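Below are the sequence and a predicted model; questions follow.
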Amino acid sequence: PIGELSYLGLPLRENVPRSMRQGVEATIRWQISTRLSAEVNGAVSHNWIAAYTNDSIGTTYYDVPPLLTPAVSTNQQLTYAVRRGISLSLEGRFTSRSFLDNTENPSFVLPAAYITDARIAWQDAPGHLDVSLFVNNVADVLRYSNGYTDGSVSYYYPLPPRNLYFQVRAAF
């Protein structure tokens, strides 16, 4: 993606001669006690485009990070088994800042953000009936999921404020 949108609002893409994405991702699970467990997943990466030419202004940028590519992202989950079949979970997600175009311009950035969700779940038996109530964005944080720039202004797609989500899964 080059940071521009088509007249339909779809991201425009362009091939570049050389680019690289390298990094590491790891997941750690820990059964703290018979009722309490934790899980952390994280990725750290170094991503760059050797040369990118912005055709609309004719400028070439060298060794720049690709747009909308955070260098760090993590997920954390803490789950407490209240009793058989009932659990409470607290989940967090972090993404570091990323650029809205391929020019590394600090004026056009998707800000870093952390968001926390909570869940209460009930299972009658594994794989038969699961009922969950999610509270997404518990702290009611303004966070953006995506964005773009027209070269002078940044535009963002906000995530919803605090909200409830009810889920029922049944197997037959």
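Here it is on my side, so go on.

how close does residue 141 sit to residue 94?
Distance, residue 141 to residue 94, by CB to CB, to the nearest Å: 12 Å. No exception for glycine: its C-beta is placed from N, CA and C like everyone else's.

hey, what's in contact with both of those two?
With contacts defined as CB atoms under 8 Å, 6 or more residues apart in numbering, the residues shared by residue 141 and residue 94 are 113, 114.

List of residues touching stretch 162-172?
By CB under 8 Å, 6+ apart, the surrounding residues in contact with stretch 162-172 are 127-140.

and it, what's its mean pLDDT?
For stretch 162-172, the mean pLDDT works out to 93.

Distance from the chain centre to it, please.
Chain-centre distance of stretch 162-172: 21 Å, with CA atoms, centre = their mean, to the nearest Å.

got the CA positions of that stretch in PDB?
Included here for stretch 162-172 are C-alpha records, laid out as PDB according to Å, rounded to 0.1, in the frame of the first residue of the first chain:
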ATOM      1  CA  ARG A 162     -16.900   0.900  25.400                       C
ATOM      2  CA  ASN A 163     -19.400  -1.700  24.200                       C
ATOM      3  CA  LEU A 164     -20.900  -5.100  25.100                       C
ATOM      4  CA  TYR A 165     -20.900  -8.100  22.900                       C
ATOM      5  CA  PHE A 166     -22.800 -11.300  23.700                       C
ATOM      6  CA  GLN A 167     -21.900 -14.600  22.100                       C
ATOM      7  CA  VAL A 168     -23.500 -18.000  22.100                       C
ATOM      8  CA  ARG A 169     -21.800 -21.000  20.400                       C
ATOM      9  CA  ALA A 170     -23.500 -24.300  20.200                       C
ATOM     10  CA  ALA A 171     -22.300 -27.600  18.700                       C
ATOM     11  CA  PHE A 172     -24.800 -30.200  17.500                       C
END
